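Novice: no FASTA, just this:
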């Protein structure tokens with residue numbers, strides 16, 4: 001089992017959390033459990049443990065993704081000089097959230113978080129504790145509705161100024177039928193030159209991890225209407241169409257600029273999860 005003993009301590013009043021069903025796993029809460037958090041239910045823990053039992057490097061992957069988030073935001077707020085962040089699929093609050101990292105570099109940074117899990121909404125206050133001079137907003141919305149996200153985000157962000165769009169480990173939950181590549185294009189089209197796109201996602205890379213498909217099947221058994229779609233490395237690269245990749249390009253999670261902060265072993269370590277950052281020219 002991951003982490004310590006868990007208690008059903010998060011709100012379970014279905015009247016205050018529309019559409020919330022504790023018997024169905026949700027990616028944000030599964031991810032929370034894998035990170036050792038306690039904001040999850042039995043269905044989420046069951047889904048996570050079945051993924052682990054499938055043999056994929058799930059625990060390593062989620063922790064490596066968290067490491068990438070920190071390194072990416074430090075790069076964006078530091079070297080790239082970005083002061084606006086649109087973090088879609090943020091998940092439940094944890095240590096070193098996007099606003100904490102960005103505002104530690106530039107306190108005036110403005111962050112908009114987006115997620116579709118009602119439990120994240122119940123914890124939104126933790127995501128909105130901004131540094132003096134900065135700003136944070138939370139939007140409960142689905143990535144599949146990018147225009148709604150953009151409309152709501154304009155209350156906090158000025159899209160005439162460079163903005164970092166962050167979609168970490170979220171596109172895998174948008175099926176091909178919903179045209180995820182067009183969704184990303186809609187978001188990138190809304191921001192000006194000098195903006196950045198940061199993406200991480202699981203890839204079907206059998207050379208790296210022969211158990212990825214089995215792990216996805218285990219998760220899909222628990223996710224209800226949500227389904228995980230594992231894409232090829234080339235399909236993930238397609239999300240960066242129209243932007244210029246920042247060095248070192250699209251690479252495995254631990255290998256993106258590890259000098260900005262360690263995220264585990266590098267060397268010969270292989271992981272079927274990739275990340276990258278692109279700049280809109």
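Specialist: Thanks, I have the structure now. No experiment lies behind these values; they were computed from the predicted model shown.

Novice: surely residue 229 meets residue 176?
Specialist: Yes - here residue 229 reaches residue 176: they are 6.4 Å apart, a contact under Cβ atoms under 8 Å. Heads up, the C-betas are built off the backbone N, CA and C, glycines and all.

Novice: quick one, which of those two is more surrounded?
Specialist: Ranked by neighbour count (other Cβ atoms under 10 Å), residue 229 and residue 176 place residue 229 first, with 19 against 10.

Novice: A strand includes that one, no?
Specialist: No - Residue 229: not assigned to a strand; according to DSSP: H, G, I helix; E, B strand; the rest coil it is coil.

Novice: Now do the contacts for it.
Specialist: 172-176 (Cβ atoms under 8 Å, 6 or more residues apart in numbering).

Novice: same thing but 7 Å
Specialist: For residue 229, the contact set (Cβ atoms under 7 Å, 6 or more residues apart in numbering) comprises 172, 175-176.

Novice: Quick check: of these, which lies closest to residue 67?
Specialist: Closest approach between these and residue 67, by Cβ to Cβ: residue 172, at 18.4 Å.

Novice: Starting from residue 163, give me the distance back to that closest one.
Specialist: From residue 172 across to residue 163, the span is 23 Å (Cβ to Cβ, to the nearest Å).

Novice: what do you get for residue 103?
Specialist: 16 Å.

Novice: for residue 272, same thing?
Specialist: Residue 272 is 29 Å from residue 163, where distance means Cβ to Cβ.

Novice: Can you pick out the residue with more neighbours from the two?
Specialist: residue 163 (28 against 25).

Novice: Go ahead and confirm the more buried one touches residue 195.
Specialist: Yes - contact criterion Cβ atoms under 7 Å: residue 163 and residue 195 qualify, at 4.9 Å.

Novice: For the longest helix along the chain, buried residues please.
Specialist: For the chain, the longest helix by residue count, based on DSSP state H, is helix 58-77. Residues of helix 58-77 classed as buried by neighbour count (16 or more other Cβ atoms under 10 Å): 58, 60-77.
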